[in-house]
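# Build the 3D model from these lines:
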Amino acid sequence: MGYIPQEATKIDVAGATVDFYKLQKNGESTYYFDTSKCGPPEPMVNAMAGLRLIKGTSDKLVMINHKTPGGLFAKLQDDIVHEMENIDGGLVKVTFSSNNSASSSSNLNDVSH
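Numbering: from 1, shown residues only. Alright, predicted model coming up:
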């Protein structure tokens with residue numbers, strides 16, 4: 001699993017093409033998925049599936065990808081915020097969270113790139 005905590009539990013996510021994992025700590029959930037070995041459109045498809053899990057919650061979504069998902073970022077409005085970190089092997093780790101005071105809403109069903 002690499003960048004996904006060992007104590008995380010595998011879960012089913014509607015529309016996902018890779019494995020998703022959930023780690024619950026202190027009443028908050030963090031969901032993880034790794035698309036670092038996937039080509040388009042899989043990173044976008046899986047990110048949108050994961051973002052539907054956290055939208056409107058205090059939960060987080062962590063994406064491990066082979067590059068910065070610029071096409072995904074362009075689709076997001078201010079209701080989804082992200083932090084990006086470069087990690088070993090030239091990969092990126094993006095942590096998404098929901099901004100519940102946002103003035104606009106992302107279309108999480110638009111997986112075209």
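# Mean pLDDT per helix and strand in this structure: which one sits at the bottom?
Here the helix or strand of the chain ranked lowest by mean pLDDT, DSSP states H and E is helix 70-75, holding a mean of 93.
# So which residues of this protein form strands?
In the chain, the segments counted as strands under DSSP state E are 9-11, 20-25, 28-34, 60-65, 80-87, 91-98.
# To Ser104, which of those lies closest?
Of all these, it is strand 80-87 that lies closest to Ser104, at 10.0 Å by CB to CB. Bear in mind the C-beta positions are built from the backbone N, C-alpha and C, glycine included.
# List the buried residues of the closest one.
80, 82 (16 or more other CB atoms under 10 Å).
# pLDDT of that strand, averaged?
The average pLDDT within strand 80-87 is 96.
# tilt between it and strand 91-98?
On the basis of axes from the mean of the first three to the mean of the last three CA atoms, to 10 degrees, strand 80-87 is oriented at 160 degrees to strand 91-98.
# export strand 80-87 as PDB, just CAs?
The C-alpha coordinates for strand 80-87 follow below in PDB (Å, rounded to 0.1, in the frame of the first residue of the first chain):
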ATOM      1  CA  ILE A  80     -13.200  21.700  -2.300                       C
ATOM      2  CA  VAL A  81      -9.800  22.800  -1.100                       C
ATOM      3  CA  HIS A  82      -6.500  21.000  -1.500                       C
ATOM      4  CA  GLU A  83      -3.000  20.900  -0.300                       C
ATOM      5  CA  MET A  84      -0.300  19.300  -2.400                       C
ATOM      6  CA  GLU A  85       3.000  17.700  -1.300                       C
ATOM      7  CA  ASN A  86       5.800  16.200  -3.400                       C
ATOM      8  CA  ILE A  87       6.700  12.800  -2.000                       C
END
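# quick one: contacts of it?
Strand 80-87 has contacts (CB atoms under 8 Å, 6 or more residues apart in numbering) with 3, 51, 55, 64, 68, 73, 76, 92-99, 106.
# Give the ChimeraX command for selecting the buried subset of those.
Here is the ChimeraX command that picks out the buried ones among these, judged by 16+ other CB under 10 Å:
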select :51,55,64,76,92,93,94,96,97,98,106
